[in-house]
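*Asks:* Need coordinates for the following:
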Amino acid sequence: MEIWINPACSKCRSALTLLDAEGADYTVRRYLEDVPSPEEIRAVLDRLRLEPWDITRTQEPEAKELGVKEWAREAGSRERWIEALAGHPKLIQRPIIAAQDGSAVVARTDEAVRDALGR
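*Replies:* Predicted coordinates:
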């Protein structure tokens, strides 16, 4: 499995601690340094079964500068959102775990991390 993290994020550190405690085999992607491409974001959205606005951190200063809260949340605007996430990775919700079964979860709780471990 792969986990997208920001090391400064307490939820990410908690997820890593739980993965380690469970002896999970995983790789870490520091997505602020190794920024996902639009294609990778589309792929993780498919795995999450979510839309880009569902994983956008709308309270970040960059989100406010871009005005994302006012953007349409519809199929026709999907690419605009994906490009914003690729161009401003701080806007991506974290941590995201891509599980071995091809699914993914936004692992902000211990329960979500355990769910990914069970897949």
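*Asks:* what stretches of the protein score poorly on pLDDT?
*Replies:* By pLDDT under 70, the chain has no low-scoring segment.
*Asks:* all strands of it, in order?
*Replies:* Using DSSP state E, the strands found in the chain span residues 2-5, 27-30, 96-98, 104-106.
*Asks:* what packs against the first one?
*Replies:* Applying 3 or more Cβ pairs under 8 Å, 6 or more residues apart in numbering; DSSP states H and E, one finds that strand 2-5 contacts helix 10-21, strand 27-30, strand 96-98. For the C-beta atoms, the positions are set from N, CA and C on the backbone; glycine is no exception.
*Asks:* Give me the sheet partners of it and which way each runs.
*Replies:* When pairing is defined by DSSP bridges, strand 2-5 lines up against strand 27-30 (parallel), strand 96-98 (antiparallel).
*Asks:* which outside residues touch that strand?
*Replies:* 12, 15-16, 19, 26-31, 36, 44, 92, 94-98, 107 (Cβ atoms under 8 Å, 6 or more residues apart in numbering).
*Asks:* Check those for burial and list the buried ones.
*Replies:* Using 16 or more other Cβ atoms under 10 Å as the burial test, the contacts of strand 2-5 include 12, 15-16, 19, 26, 29, 31, 36, 44, 92, 94-98, 107 as buried.
*Asks:* one step back: redo the strands of the chain as TSV? Include distance to A63.
*Replies:* Converted to TSV, these look like this (distance: least, Cβ to Cβ, whole Å):
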stretch	distance to A63
strand 2-5	18
strand 27-30	20
strand 96-98	17
strand 104-106	17
